[in-house]
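*Asks:* next come a sequence and a model predicted from it.
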Amino acid sequence: MSGQTSAPSVVTRHGDVLQVKVPLPFPLRWVNSYLIRGRSGWTLIDPGLRTANAEAQWDATLAELGIDIQTIERIVLTHHHPDHYGLAGWFQQRSGAPVLLSRTGLEQARLLWGDGQPLTEQLLELFRQHGLPQELREPMREHMGGFVPSVSPQPEVTVLEAGETIRLGDDEYVSILTPGHAAGHLCFYRAETEVLFCGDHVLPQISPNVSYLPGGIDENPLASYLGSLKEISRLKVSMAFPGHREPFTQLAERAQELIRHHEERLEGMRSLVAGPMTAYEVCRATFGDRLSLHQLRFALSETIAHLFWLREEGRLVETNQAEQIVYKQS
């Protein structure tokens, strides 16, 4: 597959796959959406976060490419995070296409952005228990609630099961459960062409966030992530299409790099714990104290995920101190 650029500049053609860079108001700058042509219409993977800029870009992109939105026949989501899921309902209303997402992804989306946002409140309580200062709690609540417009309207979802075969364009792909970055995350693999749509499971140059979320969906997301990295690295892949950065070829090598990264991060966090420390204190010692609320949310959730792994492996001890959870050497 070649990487020949076509108009507009946000679109790059890779054979039958069109990579569309959808803008994000975050340091990541864009998320990759993919359009795949089929005889009867187009498949759209991960349409992006709903913002005015993203809507305007999609309107311009479809017009430039000569694609009638009514010819989008299915919208497929690798996972429920807002930068991938957010425009699904907007596209569904305009195209009438079904939106496919894993069952766990659907459950998480409803808990995060449905009535009352119960998972958001549970996450804020988790952050309190793990040391988030009082003065940051209300700003964090407002920040997290601010995502609701960016994922509205909520789509009507058709559940896509792990192991199920799905047609992307004219080709059949197998959906593979790859938890860790997100519970219920799916990758899509076609052995005949050695092509993998990997969402945010494996990214080039940057490490996918691995966060703990309350609610019992996954009590050890880092263990899930490391395990699914090992599984995905066994596939024969000639081209991987990720959710961020550019398509790449060395999937197995990149998966091994990510495993080593987390092994080093685990050892770094373990060695930081000289005395009883909250996850917030470990987070600041690891990532610094100049994080935006957006960055802090993910850094703290990732710190908790790493500390839970260390606790489960017996390398740190978790206890309660002054109504907070703290960690100390075992």
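*Replies:* Arrived safely, thanks for sending.
*Asks:* hey, C-alpha coordinates of the longest helix along the chain in PDB?
*Replies:* In the chain, ranked by residue count with DSSP state H as the criterion, the top helix is helix 251-272. Taking Å, rounded to 0.1, in the frame of the first residue of the first chain, the C-alpha atoms of helix 251-272 are listed here in PDB:
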ATOM      1  CA  LEU A 251       3.500  -4.100  14.700                       C
ATOM      2  CA  ALA A 252       5.200  -6.900  16.700                       C
ATOM      3  CA  GLU A 253       8.300  -4.800  17.300                       C
ATOM      4  CA  ARG A 254       6.200  -1.800  18.500                       C
ATOM      5  CA  ALA A 255       4.100  -4.100  20.800                       C
ATOM      6  CA  GLN A 256       7.300  -5.300  22.400                       C
ATOM      7  CA  GLU A 257       8.500  -1.700  22.900                       C
ATOM      8  CA  LEU A 258       5.300  -0.900  24.600                       C
ATOM      9  CA  ILE A 259       5.600  -3.900  26.900                       C
ATOM     10  CA  ARG A 260       9.200  -2.800  27.900                       C
ATOM     11  CA  HIS A 261       7.900   0.800  28.400                       C
ATOM     12  CA  HIS A 262       5.400  -0.400  31.000                       C
ATOM     13  CA  GLU A 263       7.900  -2.700  32.700                       C
ATOM     14  CA  GLU A 264      10.200   0.300  33.100                       C
ATOM     15  CA  ARG A 265       7.300   2.500  34.300                       C
ATOM     16  CA  LEU A 266       6.300  -0.100  36.800                       C
ATOM     17  CA  GLU A 267       9.800  -0.300  38.200                       C
ATOM     18  CA  GLY A 268      10.100   3.500  38.300                       C
ATOM     19  CA  MET A 269       6.900   3.900  40.200                       C
ATOM     20  CA  ARG A 270       7.700   1.100  42.600                       C
ATOM     21  CA  SER A 271      11.100   2.700  43.400                       C
ATOM     22  CA  LEU A 272       9.500   6.100  44.000                       C
END
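*Asks:* what's the following helix or strand after that helix?
*Replies:* Downstream of helix 251-272, the next assigned helix or strand under DSSP states H and E is helix 279-287.
*Asks:* pull out the buried positions in that next one.
*Replies:* Residues 279-285, 287 are the ones in helix 279-287 that count as buried (16 or more other C-beta atoms under 10 Å). Where C-beta positions appear, they are placed from N, C-alpha and C, glycine not excepted.
*Asks:* thinking again about what came up before, could you give the angle of the longest helix of the chain to helix 279-287?
*Replies:* 120 degrees (axes from the mean of the first three to the mean of the last three C-alpha atoms, to 10 degrees).
*Asks:* report the rounded mean pLDDT for helix 251-272.
*Replies:* Per-region confidence: helix 251-272 scores 98 on mean pLDDT.
*Asks:* how about stretch 152-165?
*Replies:* 97.
*Asks:* same question, stretch 223-237
*Replies:* Stretch 223-237 comes out at a mean pLDDT of 98.
*Asks:* what are the bridge partners for R167, then?
*Replies:* Beta-bridge partners for R167, by DSSP bridges, are E172.
*Asks:* what does the longest helix of the chain rub up against?
*Replies:* Applying C-beta atoms under 8 Å, 6 or more residues apart in numbering, the contact partners of helix 251-272 are 196, 198, 202-204, 207-208, 210, 222, 225-226, 229-230, 232-235, 237, 240, 248, 282, 285-286, 303, 306-307, 309-310, 315-316.
*Asks:* can you give me the strands for the stretch 101-250 of the chain?
*Replies:* All strands of the stretch 101-250 of the chain, identified by DSSP state E, counting those that start in this stretch, fall at 157-159, 165-168, 171-177, 186-190, 195-199, 239-242.
*Asks:* could you redo the buried residues of helix 279-287 as a markdown table and give each row pLDDT?
*Replies:* Below are these laid out as a markdown table (pLDDT from 0 to 100):
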| residue | pLDDT |
| --- | --- |
| A279 | 98 |
| Y280 | 98 |
| E281 | 98 |
| V282 | 98 |
| C283 | 98 |
| R284 | 97 |
| A285 | 97 |
| F287 | 97 |
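*Asks:* closest to W30 among these?
*Replies:* F287 (22.9 Å; C-beta to C-beta).
*Asks:* mind listing the helices for this structure?
*Replies:* For the chain, helices defined by DSSP H occupy the ranges 52-65, 82-85, 88-95, 103-113, 118-129, 134-145, 221-232, 251-272, 279-287, 293-312.
*Asks:* of those, which stretch is the most buried?
*Replies:* Across these, averaging neighbours per residue (mean count of other C-beta atoms under 10 Å) puts helix 82-85 on top, at a mean of 26.
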